[in-house]
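*Asks:* This is a predicted model, with the sequence first.
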Amino acid sequence: MPLRIATFNLKDFFLPQNESERPLVLAKVANVAANIRRANADVVALQEVGEEEHLRALVQNDLADLGYGEPVLGTADRRGIRCAILSRLPVLWSQVHTQKTLPFPRFVATDPEPFEGRIPLRRGVVHVRVETPDLGEVDVMTAHFKSNLGVHLKNADGVEVEDRTARGNGEAAVRSLVQRAAEALYVRGLVDDVLRQLPDHAICVLGDLNDGIDSLPVRIVKGIGELPSGALRSCSDLMPADQRYSCFHGNSRTLIDHVLVSERLFRSAKSFAIFNEALRYHGPHVEPVPLTEDSDHALCVAEFAR
């Protein structure tokens, strides 16, 4: 019996704030349900989930026949979005990994903590262990890393300091990368914790990592160096290179939604699909983010079989 695992950034899956938003939200629910139904996945990792009751209504009303149990929901960021996992397989246990701030590597052991208190873990990492009929126990973790938008300098009052020079924009990009790298190190540590107890365990880390497969943050999660064990493989390797995109950045197609699996699970990988046929560019990022009936990300689904 094959195992199917999917990831999908829903893009602001919120309840309507007023009556004028209701038709758009209903259309969005229908779009999300159609994608999840098409994936027919046993485990679904979701990002940008808003209110808990909104997700529960989707599961109980629109996806009731697919057999998903109670959603496992992560902690939300300031905007109110969070990660979640749906499973129709038995969940042996679940945990949401949270941390107020993330550490960053020192150059010298006696150095003070760099960026102390400045790097938040915005959205908790949702972690479940499921029991599969043919592949045994599988750990699934989903994360949503900080966007690759630049982080500009702020003054002591928290007000952004205007500096749109090439140097200023470069510094903003570095701050953004530092935050994603810290998140990646945190998730890699969670993977290592599992493997210390269960070498050669089946692990899947998936979600919107907001960076390409060759970026430093994604390489950190996969594992850097000639590792004797514990490296994660990208399921995107199973499909043609020209089809590997889940999002648009400007006019460029990019793969920032990843399904990374341990060697034991990759040995059982049979296929990988990205539902990007109707994917469209939603325009440059603006605040507040406008509601849309579709997501600016495509659902990704991998299938495994013994």
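*Replies:* Cool, the structure landed. All values derive from a computational prediction rather than experimental measurement. Numbers count the residues shown, from 1 in each chain.
*Asks:* The spatially most central residue of the chain: what's it in contact with?
*Replies:* By Cα atoms, centre = their mean, the chain has its centre lying nearest to Gly207, at 2.2 Å. Residues near Gly207 by Cβ atoms under 8 Å, 6 or more residues apart in numbering: Thr7, Asn9, Ala45, Gln47, Cys83, Thr142, Ala143, His144, Phe145, Asp257, His258. Yep, even glycine has a C-beta here, placed from its N, CA and C like the rest.
*Asks:* Pull the number of nearby residues for the fifth one.
*Replies:* By the other Cβ atoms under 10 Å criterion, the neighbourhood of Cys83 contains 28 residues.
*Asks:* so who does it touch?
*Replies:* So Cys83 contacts 45-47, 49, 73-74, 123-126, 142-144, 207 (Cβ under 8 Å, 6+ apart).
*Asks:* Mean confidence (pLDDT) on the strand or helix carrying Leu26, please.
*Replies:* Using DSSP states H and E, the element containing Leu26 is helix 22-39. For helix 22-39, mean pLDDT rounds to 97.
*Asks:* how near is Glu183 to Ser215?
*Replies:* 12 Å (Cβ to Cβ, to the nearest Å).
*Asks:* how much space between Gly150 and His97?
*Replies:* Gly150 sits at a distance of 27 Å from His97 (criterion: Cβ to Cβ).
*Asks:* So which elements touch the helix holding Leu26?
*Replies:* On a contact count with 3 or more Cβ pairs under 8 Å, 6 or more residues apart in numbering; DSSP states H and E, helix 22-39 meets strand 3-13.
*Asks:* Parallel or antiparallel, list what pairs with the strand it packs on.
*Replies:* Using DSSP bridges, strand 3-13 pairs in its sheet with strand 43-49 (parallel), strand 300-304 (antiparallel).
*Asks:* Name whatever forms a beta bridge with the closest residue to the residue nearest to the centre of the chain other than its chain neighbours.
*Replies:* In space, and not counting its chain neighbours, Gly207 is closest to Thr142: 4.2 Å by Cβ to Cβ, 6 or more residues apart in numbering. Thr142 has these beta-bridge partners by DSSP bridges: Val126, Leu206.
*Asks:* Distance check, Thr142 against Glu48.
*Replies:* 12 Å.
*Asks:* For these two, indicate the residue with more neighbours.
*Replies:* Thr142 (28 against 25).
*Asks:* who's Trp93 bridged to?
*Replies:* Applying DSSP bridges, one finds that Trp93 bridges with Arg129.
*Asks:* Would you agree it is in contact with Glu137?
*Replies:* No - using Cβ atoms under 8 Å, Trp93 is not in contact with Glu137, being 10.2 Å away.
*Asks:* which stretches of the stretch 51-200 of the chain form strands?
*Replies:* 72-73, 82-87, 91-97, 125-132, 136-144 (DSSP state E, counting those that start in this stretch).
*Asks:* Comparing those, which comes out most buried?
*Replies:* The highest mean neighbour count among those, using mean count of other Cβ atoms under 10 Å, belongs to strand 82-87: a mean of 25.
*Asks:* relative to strand 3-13, how tilted is it?
*Replies:* Counting by axes from the mean of the first three to the mean of the last three Cα atoms, to 10 degrees, strand 82-87 lies at 150 degrees to strand 3-13.
*Asks:* can you give me the angle strand 82-87 makes with strand 91-97?
*Replies:* Angle of strand 82-87 versus strand 91-97, following the same axes, to 10 degrees, is 170 degrees.
*Asks:* Partner strands of strand 82-87, with direction?
*Replies:* Strands that pair with strand 82-87, judged by DSSP bridges, come out as strand 43-49 (antiparallel), strand 72-73 (antiparallel).
*Asks:* Only alpha carbons, please: show it as CSV.
*Replies:* In CSV, the C-alpha atoms belonging to strand 82-87 read as follows (Å, rounded to 0.1, in the frame of the first residue of the first chain):
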residue,chain,number,x,y,z
ARG,A,82,0.8,28.8,11.3
CYS,A,83,1.8,25.3,10.1
ALA,A,84,-0.4,22.3,10.5
ILE,A,85,-0.4,18.6,9.6
LEU,A,86,-3.4,16.4,8.6
SER,A,87,-3.1,12.6,8.8
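*Asks:* ok, Leu46 - contacts?
*Replies:* Contacts of Leu46 by Cβ under 8 Å, 6+ apart are Thr7, Phe8, Asn9, Leu10, Phe13, Leu55, Cys83, Ala84, Ile85, Leu86, Thr142.
*Asks:* Kindly report the same for Arg129.
*Replies:* Contacts of Arg129 by Cβ under 8 Å, 6+ apart are Val91, Leu92, Trp93, Ser94, Glu137, Val138, Asp139, Val140.
*Asks:* residues in contact with the fourth one?
*Replies:* So that's Ser94. Ser94 touches Val72, Ile85, Val126, His127, Val128, Arg129, counting by Cβ under 8 Å, 6+ apart.
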